[in-house]
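Student: I would like to see how this sequence folds:
(one chain, ligands or ions: 2)
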Amino acid sequence: MALSKEERILEFVLKNAVRGDPDSVVDTIDRYCSSKEWAMNVGNEKGLILDKIVKETNPSVLVELGTYCGYSAVRIGRLLKPDARFFTLEVNPKFADVARQMLEFAGLKDKVQILEGATYDIIPQLKKKYEVDTLDFVFVDHWKDQYKPDTLLLENCNLLRKGSVILADNVIVPGAPDFLKYVRTCGKYDCTNYLSHLEYMNEDDALEKAVFRG
Ligand SMILES: Oc1cc(-c2ccc(F)cc2)cc2nccnc12
Ligand SMILES: [Mg+2]
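Tutor: Residues are numbered from 1 along each chain as shown. Ligands and ions are numbered 1, 2, ... in the order given. As a prediction, this is how the structure comes out:
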């Protein structure tokens, strides 16, 4: 069977990046996806904004919704303190398998836990099954129609506390209008928009930061 695009990206990393060096993994994925095949990684331009917000937050317990090939899991994982607990959720088994190998190659296997399944099944398990109290940081980068429902689920599962940071990718393209309207008007969040560009393209895109008021 021919390799999938995600497997081609992984193969390029295994051949061209430096094992155990997360920065080289991130740079190598960006090189492949900007020159050979576009893929929906957050990319380096929005990635630098993500880095800055992760560093400012310095999270101890965090979740990513949508792992894909593991690009942002490597990006975030490389900035975390040794005892941080980072869960990344992926519904597609093939993507989860690529991400698992990507994280292992980057040397982040023990820092990032990939949870395979639907966010609406896993989020309600975080407290009891994964011993999470509340979340310091959530990176939302999965299917746009899930952004608002999963934000409501995080609230209703009491996983957010005063200061919990939700950072959402793609609020312009593909866009998550119902999520944006909700976090900006419900009165529970302080919102900031970070205008940038769609990964590997010149098209506008943005990240939205929504800090829970508690
Ligand atoms: O960063 C992203 C970009 C796109 C995407 C696809 C096709 C286009 F034409 C433009 C943008 C989809 C995404 N789905 C899930 C998570 N992140 C995504
Ligand atoms: Mg995205």
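Student: in this protein, what residue is nearest ligand 2?
Tutor: Residue of the chain nearest ligand 2, by C-beta to the ion: Asp169 (3.7 Å). For the C-beta atoms, the positions are set from N, CA and C on the backbone; glycine is no exception.
Student: how close does that residue sit to Glu203?
Tutor: 14 Å (C-beta to C-beta, to the nearest Å).
Student: what of Lys111?
Tutor: In this view, Lys111 and Glu203 are 33 Å apart by C-beta to C-beta.
Student: now do Ala2
Tutor: According to C-beta to C-beta, Ala2 and Glu203 sit 29 Å apart.
Student: repeat for Tyr120
Tutor: Counting by C-beta to C-beta, the gap from Tyr120 to Glu203 is 30 Å.
Student: near ligand 1, which residues of this protein? Just list them.
Tutor: Within the chain, the positions lying close to ligand 1 (C-beta under 6 Å from any ligand atom) are 40, 66, 141-142, 169-170, 173-174, 198-199.
Student: got a winner among those residues for most neighbours?
Tutor: Most neighbours among the residues of the chain next to ligand 1, by other C-beta atoms under 10 Å: Asp169, with 32 neighbours.
Student: tell me how far the strand or helix carrying Asp205 is from the chain's mean position?
Tutor: Here Asp205 is covered by strand 204-212, with elements defined by DSSP states H and E. Its chain's C-alpha centre and that of strand 204-212 lie 13 Å apart, by C-alpha atoms, centre = their mean, to the nearest Å.
Student: the more surrounded of Ala2 and Glu203?
Tutor: Legend: neighbour count by other C-beta under 10 Å for Ala2 and Glu203, higher for Glu203 (10 against 5).
Student: what pLDDT does that one get?
Tutor: As predicted, Glu203 sits at a pLDDT of 98.
Student: likewise for Thr67?
Tutor: On pLDDT, Thr67 comes in at 99.
Student: isn't there a helix covering it?
Tutor: No - remark: Thr67 does not belong to a helix; assigned using DSSP: H, G, I helix; E, B strand; the rest coil, it is coil.
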